[in-house]
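Novice: Predicted model and sequence below, questions to follow.
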Amino acid sequence: MESFLIKGGVPLHGEVQISGAKNAVLPIMAATLLTAEPCVIRGVPDLSDVKFMAQILTWLGAKVDVHGGTVRTQAKKIKGQGDYDLVRKMRGSICIMGPLLGRLKTARVSLPGGCVIGARPINLHLKGFAALGAKIKIESGYVEATAKRLVGSAMFLGGRAGSTVLGTANVMMAAVLAEGVTVIESAACEPEVIDLAKFLSAMGAKISGVGSPTMTITGVKELHGAEHEVIPDRIEAATYAIAAAATNGEVTIKGARAEHLHAVIDKLREAGVVVERKGPNLLVRRNGRLKSSDVTTLPYAGFPTDVQAQMMALMTQAPGISIITERIFESRFMHVSELSRLGADIEIEGPSAIVKGGKPMSGAPVMASDLRASAALVIAGLTAKGTTKVNRIYHLDRGYENMDVKLRALGARIQRVEES
Ligand code: EPZ
């Protein structure tokens, strides 16, 4: 296993190019199962999750070629069952269920387990499939949805924490080939869902209300192939913006869509960070001392849960108390104990973490636990005095393309090493 070795204390300077959005690419790759015609997806990041999704599509019978940021697929003939182990390893692959159900009227995948950030139930996905007329069966670790016909209907997909991103994506991908009209209330409004809807529409789907809590889908007989350029990754952009602020640097973030980042930009400005829009880029720099700031994560357009850990790493540098409340996942504070090993003073009180910021951080070996917690540890390591070793960085490689290369280009002293 590999680690990152980071010598902290260097302000980041320069430019970083944002890659395509992981959380848009995965459902869009799954959506190519909805047609027998060839599809081309451009602007795809080089991530292990993307390679994994390609393996799953191939296993299902699709022809998939991933090369130089472009994915070409053709799902001429496919089977309706995902490989138990493959699907189990990446919960994002649950989004193959909708297209399999839509195209084949049957889908059978392994129940995606929980992960370190929470139980990750799929009850809302299954509620949506059932509302379209599917019979749901759960046995020996598999979940199966089958239907003689899929018939559009009105459904409410809100759950314990509001809307569901992949639940909305999954039901959309079944509904596009259902007979009649489907109305999804409490649909997710994330930019990645909007990007999926754009791709589905390019394939001939009829979808309206995209980006609003009420989405209407009028089923069609079949879909054709399409080409698509994936949106930039707003979470990656937020991560580099926070790294620039945390290290007291000045970084131009190329290709960051400011319109996807209002909540993050608002919080950074509140914390004393300068964020300027320069065309399709963002210029981020610190303006003196950071100010403590409270954050609560919410469904889009609220503050994204995928930026919570990174924001916490920044708030360890802001003198005073910052309260960070996680409203989306039930245990997304794995980074707290590891940040404390670097000298952070954070106490967890239920869904909130109370950060007593402004204390100097000193490097230490820390353990990555999930994708965004790992990013927070890298940010903390970049600000800590001395050397920080972030172990198990395979978590990072799932969602950040060449993070060490991009950070070195910004002046960071970071090396990828074999874990000893
Ligand atoms: C997507 O996960 C993202 N993953 C996550 O990003 C992101 O954190 C999450 O949306 C929230 O924005 C991908 O897109 C691949 P949800 P998803 O369904 O769709 C509850 C990252 O770091 N819920 O929106 O699985 C659920 O427990 C990853 O890139 C139900 O109760 O998340 C959670 O509390 C991590 N029943 C809340 O809804 C359901 O059927 C939001 O989950 C589904 C979800």
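Specialist: Done, it's in. Treat the numbers as computed from the prediction; the structure is a model and nothing was measured. Numbers count the residues shown, from 1 in each chain.

Novice: Residue numbers of the protein in contact with the ligand?
Specialist: 23, 26, 92, 118, 120-125, 159-161, 164-167, 305-306, 328-329, 371-372, 399 (Cβ under 6 Å from any ligand atom). Heads up, the C-betas are built off the backbone N, CA and C, glycines and all.

Novice: Endpoints of stretch 154-171, how far apart?
Specialist: By Cα to Cα, to the nearest Å, the extent of stretch 154-171 from end to end equals 12 Å.

Novice: And the buried ones among the residues of the chain next to the ligand, selectable in ChimeraX?
Specialist: Remark: buried members of those, expressed as a ChimeraX selection using 16 or more other Cβ atoms under 10 Å:
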select :23,26,92,122,124,125,161,164,165,166,167,305,306,328,329,371,372,399
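
Novice: wait, doesn't Tyr54 sit right on Val66?
Specialist: Careful, residue 54 is Ala and not Tyr. Yes - the criterion here is Cβ atoms under 8 Å, and Ala54 meets it with Val66 at 5.1 Å.

Novice: quick one: buried residues of stretch 142-153?
Specialist: For stretch 142-153, a neighbour-count test (16+ other Cβ under 10 Å) marks Val143, Glu144, Ala145, Thr146, Ala147, Leu150, Val151, Gly152, Ser153 as buried.

Novice: swap in stretch 206-225?
Specialist: Residues of stretch 206-225 classed as buried by neighbour count (16+ other Cβ under 10 Å): Ile207, Val210, Pro213, Met215, Thr216, Ile217, Thr218, Gly219, Leu223, Gly225.

Novice: Also stretch 283-297?
Specialist: So stretch 283-297, judged by 16+ other Cβ under 10 Å, has buried residues Leu283, Val284, Arg285, Arg286, Leu290, Lys291, Ser292, Ser293, Val295, Thr296, Thr297.

Novice: now do stretch 347-360
Specialist: Pro351, Ser352, Ala353, Val355, Lys356, Gly357, Gly358.

Novice: pLDDT weak spots in the stretch 51-200 of the chain?
Specialist: For the stretch 51-200 of the chain, residues meeting the criterion pLDDT under 70 lie at 82, 84.

Novice: of all the buried residues of stretch 142-153, which comes closest to Gly381?
Specialist: Using Cβ to Cβ, Val143 is the member of the buried residues of stretch 142-153 that lies nearest Gly381, at 39.3 Å.

Novice: looking at this, that closest one is in a strand?
Specialist: Yes - assessed with DSSP: H, G, I helix; E, B strand; the rest coil, Val143 lies in a strand.

Novice: what is it paired to in the beta sheet?
Specialist: Bridge pairing for Val143 (DSSP bridges) gives the partners Val109, Ile138.

Novice: Thought Pro121 was touching it, still the case?
Specialist: No - between Val143 and Pro121 there is no contact under Cβ under 8 Å: 11.1 Å.

Novice: hang on, the earlier thing: the residues of the chain next to the ligand in helices, which ones?
Specialist: Of the residues of the chain next to the ligand, the ones assigned to helices by DSSP state H are Asn23, Leu26, Asn123, Leu124, His125, Val165, Leu166, Gly167, Leu371, Arg372, Gly399.

Novice: Dump those residues into CSV; add distance to Ala271 as well.
Specialist: CSV is the format used below for these (distance: Cβ to Cβ, whole Å):
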residue, distance to Ala271
Asn23, 25
Leu26, 31
Asn123, 37
Leu124, 34
His125, 36
Val165, 26
Leu166, 30
Gly167, 32
Leu371, 23
Arg372, 18
Gly399, 24
